[in-house]
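Asker: Quick one: sequence plus predicted model below, questions after.
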Amino acid sequence: MDFDLSREQEMIRKEVRLFAEKEIAPVALDLDETESFSTDLTRKMGEIGLFGMFVSEAYEGQAMGYLAYIIATEEIARVDGSQAATIAAANSLGIGPIYYFGTEEQKRRYLPPLCRGEGLWGFGLTEPTAGSDAGGSKTTAVRDGNEWGLN
């Protein structure tokens, strides 16, 4: 069995590493110290295809598979764990559930802008009585016209 990365995977590793060192490294410490989130970096990560790497091209994903996604996340994490967490959460908690379990209408509506990094999907998890047990969450959302009310 051959466990070496393919030529394409090595290229992804190299290009993402260069991006991380050029774009993320210079601002990582400041973002950490100021507890800031960079929409600019998120947009740039979307522009180079770090969101939706395992999503088919039909929804504007990269169709590169999970190994490419993990390689890219690993290279971002070498420079800044926070930016790697953004990539991991956006793909695994945001894009993944829509891609695998959403309706066709939801996929066509939400996946293309998420794969381009034009937005991030939220996932509420922690509650005082449930911790990180998603099944134990008690939060509900009720639509009221164009707005949502949360309990």
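Answerer: Perfect, thanks for sending it.

Asker: Please read off the pLDDT at the residue lying farthest from the centre of the chain from the model.
Answerer: What lies farthest from the middle of the chain is Met1; by CA atoms, centre = their mean that is 31.0 Å. Looking at Met1, its pLDDT is 84.

Asker: what's near enough to touch it?
Answerer: Met1 makes no contacts at all, as judged by CB atoms under 8 Å, 6 or more residues apart in numbering. Where you see a C-beta, it was placed from the backbone N, CA and C, and this is true even at glycine.

Asker: Now the phi/psi pair for the spatially most central residue of the chain, please.
Answerer: The centroid of the chain falls nearest to Ala90 when counting by CA atoms, centre = their mean (2.3 Å). Phi and psi for Ala90, reported as degrees, to the nearest 10, are phi -60, psi -40.

Asker: mind checking how far whichever strand or helix holds Leu18 is from the chain centre?
Answerer: Using DSSP states H and E, Leu18 sits within helix 7-19. From the chain centre to the centre of helix 7-19 is a distance of 18 Å (CA atoms, centre = their mean, to the nearest Å).
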